[in-house]
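# The sequence isn't on hand, but the structure is:
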């Protein structure tokens, strides 16, 4: 059984290689292909012929070269050393790659995912003789200042702990023995392997019920995402999908962030790499990199590895979820992943469904997003872990009827629709407030410590949303008959919704204060904008002209509230007093 | 020992099937000798057992199944490089086309290159001054960026690329530059225009040309950008130069790719383009960039013509998803005689934020372009409204924004193809235009910056009111002149199109 099975290449067509003499190989086994020992995966079997998708460029390869089956599915290494790392689609650390091979990616290089030499301090949390089973925590390793890794009993293992010890260990060193019922000793180390295409088990799925704050006003206030929820961001190019993803990766209130750059630009990954170590997490004050894992399989890197990259990312995320953490996965972009699937499918000469995509596209997308969720983790002690997935989608020409968008919309609960017109006006984030939606809105009020504030926030968002709705109708009227024909109240509605758009929804990702807004500050800001409306209505009823109201100097304060630092939130509250005062003055001074 | 085969069994379109081959490798090159002794080049697209599928770069006309021989050279397509490539002209397949001697290579590199490790990249953040306001002020380019120009038939993209190549090569002390120009299926005239321009400015000696013109074999175009980029990588990362690569026109490249795909009977994606078009384009575009620890850089300006000016066509669409922004040319601006007709609103440079600001351009740059964009977008909206309801129906505020949009187009967007504006001139011009608004309307500018810069321009504005009339008169004269010039050009372009 265990002897290495060897076959021969008979056909090479782009990233797909066919080999003969592969009887006994299993689907999705990893193989080493050709003289260069390239890594590949079996994706089709036909008698003794195996079709293999190769994770590296296949140029220079020809019939007759050998193919060796490793008899194992594509797996990732899990353990201390994941955080702060940047990997390619099949978990090769790119920094080590650079040290060894230079600036360009050479082929056939095998580098293990976790550093073999680095020592970690392991602190046991169970005693010898404890009976443990899959998922039980046996100890921990403090990996970075932000992340403590819980060492768990690997999948499908159980027994009695023996010889567990505290100390400095390399990832492969034995930290404990696990004796099963038959008396067989299994060595436990800090490292475990896990196949990527199968989701890690948990004890029970729970329905998401808490908001995952992102510090982005339009998202948190109007279209929030939940811990364990799923969201998608489709939009044509230039609408800021990647900036939204980056902003979330930076400011999301999660313990761990896994960022998968799937078939996207190289310079964007460099941007993340240079920025994250410098940026401070608003919750802990530590560099953001200390809670992040990056997967970068840029568009020019091999297409099959791109297909694997989202699985590599989500498996690492599940591993942290199982420790009881809140994890957020950003996949940018799932369209490139789908295209990689299409490319492999074409080479396999499969019958295509829509737009050349394989018929199993929707099923694969659904299965991927379904790996998100809030779960009760397997094993002792009892704990809950949440895994949220946020996928960018890049539909051709921004057309939302694209198969990838449609398949994604069937499964995700939050939809942030990016609109080109908003981007042209440099209104960022260009999330269209009229077409986007979120199924997690009802949990927003629970996100405030003060239940009254939560209730109030609910009312404010409802009011703001109905104003924005009203605005779109009023704009139609203006288009037909001109602004002069509107009643003062309608004019006010237009002006206030403009204020909501420009002073609240618009958020500058590159401004040091504006880039992140806490829920508390969002509440104050929105309340202030709508407070202006309340007072203005009164003034209009009292016969004050709209022009005078719109010209009040306090409006500049409202517009600049966003630049108020988090620690000075009180200043935003004081704007409301100013509004009351200035409008009152209007009512008392006689109209000239 | 190289074997020769006379076992060609099938020829269809640009493809040829050779049988009973021993040891053929995917991606290797094939030398084909025709009955009359002439030679052609091919590349293996697929090998299955003893059958090799070969794409023939120069086309298959004249190849027969009986007497043509195929020689498998056992190596990938390579380009022999040395510093002597500067100032030379090559064919689309890297063969010297001028009268100069053969290149004696220092180094031979596979034209497909290897992907840059994302970890090895250095983030592009050095501002390049192109002297064009709409680029420098609103969509600044940085070294190592790839910024395509989305054009259409009859639009002056050639003038713009030439202007950028001419004006952006001014460097600091001790720096070295080169221009790599790859022509794919463009007309002789368009290529010659560019060459003449480089000759005039003297940059020709620092240029490497790869010319595959409209009447050259179409399949050769698949290799052309790769030869150009191999040369660029050599110049940038081995000889420490700042290289500007111009790829003109990527639409023709994609069409060649589609031809191969159709001949292979692959399942087509949108508009018949292969499903792997994105991946293939990425292997071209992603070769731009900077690398840690190296001085040189590759900045890329691909030009592509959008069929029917349709931005959602697969070629511009997929390009936009890979490149770091896009400069879009507008036909309506061009018709109005505004040159260069850069359509500011949908144009974008993604890498601008780290390349501008204090120490790079000026502290007010970011806020200023945000404000200009917001005001211009609003002005454009009003312009549209005015076409529906007439100007009379507009409010005074709307009228002001409309005036701003007009002024902005006439003074900021419009400039001469030989006018080289410094970044200070461009920024000051922006302030000057904005000085027609009250401070409270300029919400996107930091109050401190407003305080610091605005007063100067308000004063100027007041002084100028008397003079301004003369100036606008002169301005309109100039634009009219430009309009005449450009229409002439577009006419000759259209004629070319007709020939095709």
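Arrived safely, thanks for sending. Because the structure is a prediction, the values reported are computed rather than measured. Numbering: from 1, shown residues only, chains lettered A, B, ... in the order given.

# Tell me how many other residues surround the residue in chain B that chain A sits nearest to.
Nearest residue of chain B to chain A: residue B:312, at 2.8 Å (C-beta to the nearest C-beta). Bear in mind the C-beta positions are built from the backbone N, C-alpha and C, glycine included. A total of 15 residues lie near residue B:312 under the criterion other C-beta atoms under 10 Å in any protein chain shown.

# and if you look at residue B:51?
Residue B:51 has 18 nearby residues by other C-beta under 10 Å.

# Could I get the phi/psi values of it?
phi -110, psi 130 (degrees, to the nearest 10).

# what's it in contact with, if anything?
B:17, B:18, B:19, B:21 (C-beta atoms under 8 Å, 6 or more residues apart in numbering or on different chains).

# for residue A:337, same thing?
Contacts of residue A:337 (C-beta under 8 Å, 6+ apart): A:262, A:263, A:306, A:307, A:309, A:310, A:331.

# So which of those residues are in helices?
Secondary structure from DSSP state H places A:306, A:307, A:309, A:310 of the contacts of residue A:337 in helices.

# before we move on, the earlier item: my read: the residue of chain B closest to chain A touches residue A:395, true?
No - contact criterion C-beta atoms under 8 Å: residue B:312 and residue A:395 do not qualify, at 9.9 Å.

# Identify the contacts common to those two.
Contacts common to residue B:312 and residue A:395, judged by C-beta under 8 Å, 6+ apart, are residue A:236.

# Next, format the contacts of residue B:51 as CSV and append distance to residue B:217 and pLDDT.
Converted to CSV, the contacts of residue B:51 look like this (distance: C-beta to C-beta, whole Å; pLDDT from 0 to 100):
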residue, distance to residue B:217, pLDDT
B:17, 19, 95
B:18, 19, 95
B:19, 25, 94
B:21, 24, 92
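
# out of those, what pair is the most spread apart?
Spanning the widest gap among these are B:17 and B:21, at 9.9 Å by C-beta to C-beta.

# about what we covered before: specify which member of the contacts of residue A:337 is nearest to chain B.
The closest of the contacts of residue A:337, once distances to chain B are taken by C-beta to the nearest C-beta, is residue A:263, at 7.5 Å.

# For that closest one, give me the pLDDT.
Among the per-residue scores, residue A:263 holds a pLDDT of 88.

# now do residue A:5
78.

# likewise residue B:198?
Looking at residue B:198, the pLDDT reads 91.

# wait, isn't it in contact with residue B:165?
Yes - between residue B:198 and residue B:165 a contact is recorded at 6.8 Å, counting by C-beta under 8 Å.

# what do those two both touch?
Common contacts of residue B:198 and residue B:165 (C-beta under 8 Å, 6+ apart): residue B:179.

# circling back to that earlier point, is it true that the residue of chain B closest to chain A lies in a helix?
No - under DSSP: H, G, I helix; E, B strand; the rest coil, residue B:312 falls outside any helix and is assigned coil.

# so what's whichever residue of the stretch 301-450 of chain A sits closest to chain B up against?
Residue nearest to chain B within the stretch 301-450 of chain A (C-beta to the nearest C-beta): residue A:397, separated by 2.8 Å. For residue A:397, the contacting residues are A:236, B:311, B:312, B:313, B:317, by C-beta under 8 Å, 6+ apart.

# Under the pLDDT cut-off, which ranges of the chain? List them.
I'll assume chain A. A:1-4, A:589-592 (pLDDT under 70).

# That was the other one, I meant chain B.
Looking along chain B with the criterion set at pLDDT under 70, you get B:1, B:169-173, B:464-500.
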